[in-house]
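Q: structure, please.
(2 chains)
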Amino acid sequence: MRRITQGSRIAAYLGGLCLLLSQPLQAETVGIGTIKTISGEVQVTRNAITLTPIPGFELQEQDVVRTGAGSAVGIVMRDQTILSAGASSVLRLDKFSFDNKTQTGAMQTTLKKGRLSAISGAIVKHSPEAVQFKTSTMTLGVRGTEFIIEAEDRGD
Amino acid sequence: MDAAIVVIAIGLAALLHQPAADKVVLLPGPDGAVGRVVISTPQGEQEISHAYQSAAVQQNGRVQTGSESADSVAARYGALLQAQPRRPASYLLYFNTGSDELTAESQTTLVALQQDVATRPVPEILVIGHTDRVGSADANEALSLQRAQMIAALLGQLGVQPKSLEVTGRGERDLLLPTADDVDEPRNRRVEVSVR
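A: Okay, here's the model as predicted:
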């Protein structure tokens, strides 16, 4: 697999800075998904550092995405799962892996509060049992579909 | 004030202060197809499988199903759905037999692809080569990667500038038309350009 990245220097810089701070230098890290749309205030917390993403920002496993009041964010994961989070939401990308060649992988996402919409991607198509969406009170198993989750704020 | 009214008012206030239940609503896809979601809690499991069917976790941990409508979803979740990025799109490109020239139809597809990339916020491209089942699986994997690389180079020449571009070869793993081994099937010998 080959990867050419252009533009989006700020996101790359922020991501690179985080990697430098948190672990030994690695060869190019491929994000698990990309923030495509942002309206209002959106923040990403990674390794206890808070980042302010711009469209094109590449997400990593365990990133926590937060939206402010009246804000929203749209994300496309590498397996083409589409996610959007509405106002005052907290979404954690617990686990994600995906192999483009075999289309196998796994995904776990937790909505800690707020609203999430999802359109399932290739992982659900090829190994639905490997995909879970969670809130503090429920776990969802998904079989090829689109849905909305709403989660009550029970404190972080 | 009538004592009964006070009691009712206090009761209503208590209801309003009760935390809303965690909830899921199933939506139909653009083609009307509806999948399934299984909701699990320590108290049990429920499946929903109809458009706009919902499920909410009750105070006792059990899952209660219900139903919403297109209108109620638009009213409550309009802004959320508005924030969804455009759906990924897939373009299939074919070569004239025995040549590295695209078919006339694929030339048209290429124009649509370019327009898509130009209008999508931070577009990302995945170029996927595929083969039919003539030859060994290993040889086909290598061949599919070569074809994908050729298309990636072509996109570069055309000035298509995505935020990122990845190339992969799936060989004969992902047939458009399933066939037995060693079947010559031109429709399976394709390069798929997935834009997201």
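Q: tell me where the chain has helices.
A: In the absence of a named chain, this looks at chain A. With helices called from DSSP state H, chain A shows them at A:9-22, A:122-126.
Q: I was thinking of chain B, sorry if that wasn't clear
A: Going by DSSP H, chain B shows helices at B:3-17, B:70-82, B:104-119, B:137-157.
Q: those: which one's closest to chain A?
A: When these are compared by C-beta to the nearest C-beta, helix B:70-82 sits nearest chain A, at 3.8 Å. (Glycine included, C-beta is placed from N, CA and C.)
Q: how far away from the center of its chain is that closest one?
A: Chain-centre distance of helix B:70-82: 19 Å, with C-alpha atoms, centre = their mean, to the nearest Å.
Q: check contacts around residue 153.
A: In the absence of a named chain, this looks at chain A. The contact partners of A:Asp153, by C-beta atoms under 8 Å, 6 or more residues apart in numbering or on different chains, come to A:Ser88, A:Lys112, A:Lys113, A:Gly114.
Q: would you mind finding the most buried of the helices of chain B?
A: helix B:137-157 (a mean of 17; mean count of other C-beta atoms under 10 Å in any protein chain shown).
Q: from B:Glu47, how far off is whichever residue of chain B sits closest to chain A?
A: Nearest residue of chain B to chain A: B:Gly35, at 2.5 Å (C-beta to the nearest C-beta). B:Gly35 sits at a distance of 11 Å from B:Glu47 (criterion: C-beta to C-beta, to the nearest Å).
Q: of those two, who's got more company?
A: B:Gly35 (20 against 16; other C-beta atoms under 10 Å in any protein chain shown).
Q: and the longest strand along chain A, which strands flank it?
A: Scanning chain A for the longest strand, with DSSP state E as the assignment, gives strand A:105-119. Its sheet considered, strand A:105-119 pairs with strand A:82-85 (antiparallel), strand A:90-98 (antiparallel), strand A:131-134 (parallel), strand A:146-151 (antiparallel) by DSSP bridges.
Q: reformat those strands into JSON lines and put mean pLDDT next to each item.
A: Shown next, in JSON lines, are those (pLDDT from 0 to 100):
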{"stretch": "strand A:82-85", "mean pLDDT": "98"}
{"stretch": "strand A:90-98", "mean pLDDT": "97"}
{"stretch": "strand A:131-134", "mean pLDDT": "97"}
{"stretch": "strand A:146-151", "mean pLDDT": "97"}
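Q: and these: which comes nearest B:Leu155?
A: Of all the strands paired with strand A:105-119, strand A:90-98 sits nearest to B:Leu155, with 22.3 Å by C-beta to C-beta.
Q: show me how far that closest one is from its chain's centre.
A: On C-alpha atoms, centre = their mean, the centre of strand A:90-98 falls 5 Å from that of its chain.
Q: next, the buried residues of that strand.
A: Using 16 or more other C-beta atoms under 10 Å in any protein chain shown as the test for burial, strand A:90-98 gives A:Val90, A:Leu91, A:Arg92, A:Leu93, A:Lys95, A:Phe96, A:Phe98.
Q: can you pull the contacts of B:Ala51?
A: Applying C-beta under 8 Å, 6+ apart, we find B:Ala51 in contact with B:Leu26, B:Leu27, B:Pro28, B:Gly32, B:Val34.
Q: in chain A, what residue is nearest chain B?
A: A:Thr145 (2.5 Å).
Q: lowest average confidence across the helices of chain B, which one?
A: Confidence, taken as mean pLDDT, is least for helix B:3-17 of the helices of chain B (a mean of 61).
Q: returning to what we had before: for the residue of chain A closest to chain B, report the pLDDT, please.
A: So A:Thr145 comes in at 90 (pLDDT).
Q: quick one, what contacts the nearest residue in space to it that is not next to it in sequence?
A: Excluding the flanking residues, the one nearest A:Thr145 by C-beta to C-beta, 6 or more residues apart in numbering or on different chains is B:Gly35, at 2.5 Å. Counting by C-beta under 8 Å, 6+ apart, B:Gly35 makes contact with A:Ser120, A:Val142, A:Arg143, A:Gly144, A:Thr145, A:Glu146, B:Leu26, B:Gly29, B:Ser49.
Q: just checking, the first one touches A:Ala130?
A: No: between A:Ser120 and A:Ala130 there is no contact, the gap being 11.5 Å when judged by C-beta atoms under 8 Å.
Q: looking at those two now, which is surrounded by more residues?
A: The neighbour comparison of A:Ser120 against A:Ala130 (other C-beta under 10 Å) goes to A:Ser120, with 25 against 16.
Q: quick check on that one: phi, psi?
A: The phi/psi pair for A:Ser120 (degrees, to the nearest 10) reads phi -70, psi 160.
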